[in-house]
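K.L.:
based on what follows, work out the 3D shape:
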Amino acid sequence: MSQPLFKKVAFIGLGLIGSSLARVIVAEKLATTIVASTRSQKTLEDAKSLGLIQEGFYDPVEAVKGADLVVLALPVRATQKV
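P.N.:
Residues are numbered from 1 along each chain as shown. Just a heads-up that it's a prediction; the model follows:
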């Protein structure tokens, strides 16, 4: 693939499912930029150090600004709050 499908992908939640999907997007070069929003500073730091995201946010509204694709990778009950 010569060009990524997405300029910016935003993840809300980076648990097992979110981080696995981010890993595939990175490996397949499907996005120019990947960002995420989580409640945990450690999760954001780990995701950055693993190369899964370029930028992390606590506020999901900030994370999704300008995103071509938004991935909600949250437990079902948590999606009611987002």
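K.L.:
any residues touching stretch 58-65, and which ones?
P.N.:
A10, F11, I12, V35, A36, S37, T38, R39, F57, V70, V82 (C-beta atoms under 8 Å, 6 or more residues apart in numbering). No exception for glycine: its C-beta is placed from N, CA and C like everyone else's.
K.L.:
L74 is in contact with the second one, correct?
P.N.:
The reference is to F11. No - using C-beta atoms under 8 Å, F11 makes no contact with L74, being 9.8 Å away.
K.L.:
more neighbours: these two, which one.
P.N.:
A direct count of neighbours by other C-beta atoms under 10 Å for F11 and L74 places F11 higher, at 31 against 19.
K.L.:
quick one: secondary structure of the more buried one?
P.N.:
strand (DSSP: H, G, I helix; E, B strand; the rest coil).
K.L.:
for the chain, give me the ranges with low pLDDT.
P.N.:
Scanning the chain for pLDDT under 70 picks out 1, 76-82.
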